[in-house]
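Colleague: Predicted model and sequence below, questions to follow.
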Amino acid sequence: METNTTTKKMPFELTLVVTHHCNLNCVYCYEHNKTSKKKMSFDTAKKAIEHYLTTGSYDEIKIGFIGGEPLLEFHLIKDICEWVWSNRWEKKLIFYATTNGTIMTPTMKEWFTKHKQYFWLALSLDGTRETHNRNRCNSFDKIDLDFFLNNWPNQPAKMTISDSHLETLADDIIFIHTKGFQLNGCNFAEGIEMTDFEKKYAVIAQQYDKLVDFYYSHPEY
């Protein structure tokens, strides 16, 4: 008996660091060159993308833009995407980026809305207004949450956990859920050493218990 063993190939992910610059100075950030003006050139991006779109055995490529804050280089990202879309490639592709959401201009919103099927934009959101402002430079009220929810309702928010909000972790996660966001990017900050770990472990365990109760009561999340 012959068996068809077709294996689904995982998409290849290409990440482009378009800038080191960032407009925020988050409390847990491990990047120490946020004021650097270094950025990727259009030619460098073209060469990298063209190489991976014309080689390799994968059928799909995901191209991600990171920083710093990648949307500080919106015009570069726009030029890259429109160059790619103006050509015909054999591989399926999608663009994505995660942003702090604080510098979205009407022009950006119009462009991203027009191309939302081909460009997924995710939001970094750390929880309630108080928590987010403490972690991310009082930037909560600069974010248009509805813009992200209306255009990418299934795109999870990205949350970063730091020492500064362990005691409100459950409330912050619940807040993000109840705002309408999915949440599967909930990670401890990189490069931050936790002191007095036994005490903090107990706090985290308490927060997890609170989340268990919440999820039992709200299975839709």
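Modeller: The structure has been received and is ready for your questions. Residues are numbered from 1 along each chain as shown.
Colleague: Name the residue closest to the centre of this structure, please.
Modeller: T98 (3.0 Å; CA atoms, centre = their mean).
Colleague: any idea where the helices of this structure begin and end?
Modeller: Assigned helices in the chain, in chain order: 42-54, 74-85, 106-114, 129-135, 145-151, 169-179, 197-217 (criterion: DSSP state H).
Colleague: Relative to N23, which of the ones you listed is closest?
Modeller: helix 74-85 (12.3 Å; CB to CB). Heads up, the C-betas are built off the backbone N, CA and C, glycines and all.
Colleague: helices or strands up against the closest one?
Modeller: Judged by 3 or more CB pairs under 8 Å, 6 or more residues apart in numbering; DSSP states H and E, helix 74-85 is in contact with helix 42-54, strand 92-99.
Colleague: Take these and write them to CSV, including mean pLDDT and distance to D196.
Modeller: What follows is the helices and strands packed on helix 74-85, written out as CSV (pLDDT from 0 to 100; distance: least, CB to CB, whole Å):
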stretch, mean pLDDT, distance to D196
helix 42-54, 94, 44
strand 92-99, 95, 31
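Colleague: most packed of those?
Modeller: strand 92-99 (a mean of 18; mean count of other CB atoms under 10 Å).
Colleague: That one pairs with which strands, and in what direction?
Modeller: strand 60-66 (parallel), strand 119-123 (parallel) (DSSP bridges).
Colleague: for the chain, which spans come out with low pLDDT?
Modeller: Scanning the chain for pLDDT under 70 picks out the ranges 1-8, 32-35, 185, 192, 194.
Colleague: which residues touch N135?
Modeller: C26, V27, Y28, D126, T160, S162, S164, H165 (CB atoms under 8 Å, 6 or more residues apart in numbering).
Colleague: redo that, cut-off 7 Å
Modeller: By CB atoms under 7 Å, 6 or more residues apart in numbering, the residues touching N135 are C26, V27, Y28, D126, S162, S164, H165.
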